[in-house]
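[1] Here is my input; please provide its structure:
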Amino acid sequence: MLMDKKRLFIIATRTLLIVGVIALWEWSAVNSWYNSFFTSYPSRILKDLITFAKSGELVYHTSITLKEAFLGLFYGTIIGILLGILFAQFITLGSIFTPILTAISGIPQLALAPVYVLWFGLGLTSKVFLVSLMVFFCVFFSTYNAIKNIEQNLVESAHILGANSLQTLWYIVLPACMPWIISGIRAGVGACMVGAIIGEYMGSTGGFGWMITYATSFFMIHRVMSCITILLIVGIVLNWCLDKVEKYVLRWRVETNLSMSMKSK
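    The predicted structure follows:
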């Protein structure tokens with residue numbers, strides 16, 4: 001009962017805060033407290049979203065950006081987890097390739113985006129490659145470091161009980177590392193949207209990155225803010241889905257805080 005009241009208080013406070021900020025934004029724009037040309041305002045953005053949706057452009061551009069983002073998220077996550085496991089298990093491979101990957105990850109992908117367009121063209125492939133690479137680095141380093149730093153006692157106990165290497169990996173190592181792997185995927189969710197937009201900035205015939213560039217060139221700030229709003233909603237939905245997956249996969253985990261109190265998931 002106490003937790004329900006606390007949860008209700010958190011939701012109510014969050015809602016009031018968001019509504020208050022939107023109302024203040026609208027009120028200050030209507031009363032000319034600032035030049036709304038540079039940021040537009042909520043009611044104007046809402047009208048543009050309706051126009052955007054009725055024209056069919058919203059579905060078209062959303063489908064392009066989400067396809068690039070989801071394909072890149074899928075490939076980057078799978079490859080990142082597999083290579084993270086491989087390099088952590090085979091120390092020689094990890095010692096050879098991990099410093100190289102670390103160096104590559106330090107290069108801003110925005111600087112390399114034109115190179116990917118040159119390699120793969122203006123189509124889907126260059127965007128998916130860019131997104132996959134950005135997601136890969138997030139997931140790979142989380143997985144690799146989690147496995148490298150797992151408690152050796154867990155592995156030794158599994159071998160004592162008769163588990164082979166594959167069973168130890170599947171039943172001991174991966175479950176123990178799953179919180180860090182999911183953290184890497186969560187970072188990858190944000191990276192996949194950023195990568196898709198960057199790729200569309202470099203060259204595209206559609207998608208929110210293309211639309212933002214087009215709208216900016218004609219000073220259509222309301223359309224820019226409409227695209228940002230859609231991207232915000234997509235990010236919220238993706239993180240909500242990941243929260244549900246995390247809650248199910250890590251249902252065994254007990255949360256703690258600095259007060260040393262514990263709460264079961």
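[2] where in the protein is pLDDT low?
    When the per-residue scores of the chain are filtered using pLDDT under 70, the ranges that remain are 1-3, 253-265.
[3] gap between the residue nearest the centre of the chain and residue 236?
    For the chain, the residue whose C-alpha lies nearest the mean C-alpha position (Cα atoms, centre = their mean) is residue 189; its distance is 1.6 Å. With distances taken as Cβ to Cβ, to the nearest Å, residue 189 is found 11 Å from residue 236. All C-beta spots, glycine's among them, are computed from the backbone N, C-alpha and C.
[4] And the helices in the stretch 51-200 of the chain?
    Defined through DSSP state H, counting those that start in this stretch, the helices belonging to the stretch 51-200 of the chain, from first to last, are 57-89, 91-105, 109-120, 124-148, 152-160, 165-168, 174-202.
[5] tell me the most buried of those helices?
    With neighbours defined by mean count of other Cβ atoms under 10 Å, none of these is more surrounded on average than helix 124-148, at a mean of 23.
[6] what's that helix packed up against?
    Judged by 3 or more Cβ pairs under 8 Å, 6 or more residues apart in numbering; DSSP states H and E, the packing partners of helix 124-148 are helix 57-89, helix 91-105, helix 109-120, helix 174-202.
[7] quick one: that helix to helix 109-120, angle?
    Between the direction of helix 124-148 and that of helix 109-120, the angle (axes from the mean of the first three to the mean of the last three Cα atoms, to 10 degrees) works out to 130 degrees.
[8] now the angle from helix 124-148 to helix 91-105?
    Using the same axes, to 10 degrees, the direction of helix 124-148 lies 130 degrees away from that of helix 91-105.
[9] Just the angle for helix 124-148 relative to helix 174-202, thanks.
    Going by the same axes, to 10 degrees, helix 124-148 makes 150 degrees with helix 174-202.
[10] Kindly export stretch 64-80 (C-alpha atoms) in PDB.
    What follows is the C-alpha trace of stretch 64-80 in PDB, where atoms were taken according to Å, rounded to 0.1, in the frame of the first residue of the first chain:
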ATOM      1  CA  ILE A  64      12.500   5.100 -43.000                       C
ATOM      2  CA  THR A  65      14.100   6.300 -39.700                       C
ATOM      3  CA  LEU A  66      12.800   3.400 -37.600                       C
ATOM      4  CA  LYS A  67      13.800   0.800 -40.200                       C
ATOM      5  CA  GLU A  68      17.400   2.100 -40.200                       C
ATOM      6  CA  ALA A  69      17.400   2.400 -36.400                       C
ATOM      7  CA  PHE A  70      15.900  -1.100 -35.700                       C
ATOM      8  CA  LEU A  71      18.100  -2.900 -38.200                       C
ATOM      9  CA  GLY A  72      21.200  -1.300 -36.800                       C
ATOM     10  CA  LEU A  73      20.100  -2.000 -33.200                       C
ATOM     11  CA  PHE A  74      19.500  -5.600 -34.000                       C
ATOM     12  CA  TYR A  75      22.800  -6.200 -35.800                       C
ATOM     13  CA  GLY A  76      24.900  -4.100 -33.400                       C
ATOM     14  CA  THR A  77      23.400  -5.900 -30.400                       C
ATOM     15  CA  ILE A  78      23.900  -9.400 -31.700                       C
ATOM     16  CA  ILE A  79      27.400  -8.800 -33.000                       C
ATOM     17  CA  GLY A  80      28.400  -6.900 -29.800                       C
END
